[in-house]
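> Just a sequence and a predicted model for now, questions to come.
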Amino acid sequence: METPEPQACGWPGCAGNGEFRAPRSNRVPGDVGGWQYLCLDHVRAFNAGYNYFDGLSPDEIHAAQSPLAGWEKDVVRGGRMAFTFGDTHGLFDEPLRPSRSPPGRWADKGDAQALGTLGLDRNATAADIRRTYRGLVRRYHPDSNGGDRSHEGKLQAVVNAFTHLKAAAGYNTESNNT
């Protein structure tokens, strides 16, 4: 079996081997606009300059950054989870339960610490907690900071606080159909 001849790097003036596939433009997907093959140094340069939002309007950028991007349909209808895919195991048949802890009733000392980590007070609702959690995860996640991992401790504290408050509010993570 013959080994294929390596392609030349598609970067102007480069004589290296093009081992890595990249779209020809960041405005058009590669399967539509075609691919180019780049050497390691130039694929790194291409990726560093890649801007997903290049050419999009402010409204299109906002829609693409939404936590529900691609999930435009309601996921909760009539107190039940509503998904468009099949739920073969009945995992989402249970009605959603209201929080066990009404606003202002976070009683445990750990609840207060978790709320403080999220920057909330004892009057926070479940919706406030979810909204704040999502915002903080977006702020501290390395993918949102160009790979900067200096906020990992804050991210872990936010995740731990949210997990604690979810358990304290009585969210059921197991199915009762056993």
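Arrived safely, thanks for sending.
> What are the buried residues along stretch 6-13?
9, 10, 11 (16 or more other Cβ atoms under 10 Å). The C-beta positions use only the backbone N, C-alpha and C, and glycine is treated the same way.
> Could you pull out the helices in the chain for me?
Counting by DSSP state H, the chain has helices at residues 30-33, 40-49, 58-65, 109-118, 126-140, 152-169.
> pLDDT weak spots in this protein?
Under the criterion pLDDT under 70, the flagged ranges of the chain are 1-4, 67-107, 170-178.
> got the buried residues of stretch 6-13 as CSV, with distance to residue 153 columns?
Conversion of these to CSV gives the following (distance: Cβ to Cβ, whole Å):
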residue, distance to residue 153
9, 40
10, 41
11, 39
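> rewinding a little: put together CSV for the helices of the chain, with distance to residue 22 and mean neighbour count on each row.
Output for the helices of the chain, formatted as CSV (distance: least, Cβ to Cβ, whole Å; neighbours: other Cβ atoms under 10 Å):
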stretch, distance to residue 22, mean neighbour count
helix 30-33, 7, 11
helix 40-49, 5, 14
helix 58-65, 21, 11
helix 109-118, 39, 16
helix 126-140, 27, 16
helix 152-169, 29, 16
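> what's the closest of these to residue 18?
Closest of these to residue 18 is helix 40-49, at 8.3 Å (criterion: Cβ to Cβ).
> so what does that closest one touch, helix or strand wise?
strand 20-23 (3 or more Cβ pairs under 8 Å, 6 or more residues apart in numbering; DSSP states H and E).
> Output the strand it packs on as PDB, nothing but the C-alphas.
Only the C-alpha atoms of strand 20-23 are listed here, as PDB (Å, rounded to 0.1, in the frame of the first residue of the first chain):
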ATOM      1  CA  PHE A  20      -3.800  19.800   9.700                       C
ATOM      2  CA  ARG A  21      -7.100  20.600   8.000                       C
ATOM      3  CA  ALA A  22      -8.800  24.000   8.600                       C
ATOM      4  CA  PRO A  23     -11.600  25.800   6.800                       C
END
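> ok, residues contacting stretch 125-145?
Residues outside stretch 125-145 that contact it (Cβ atoms under 8 Å, 6 or more residues apart in numbering): 67, 99, 103, 115, 118-120, 124, 148-149, 151-152, 154-155, 158-159, 161-162, 165, 169.
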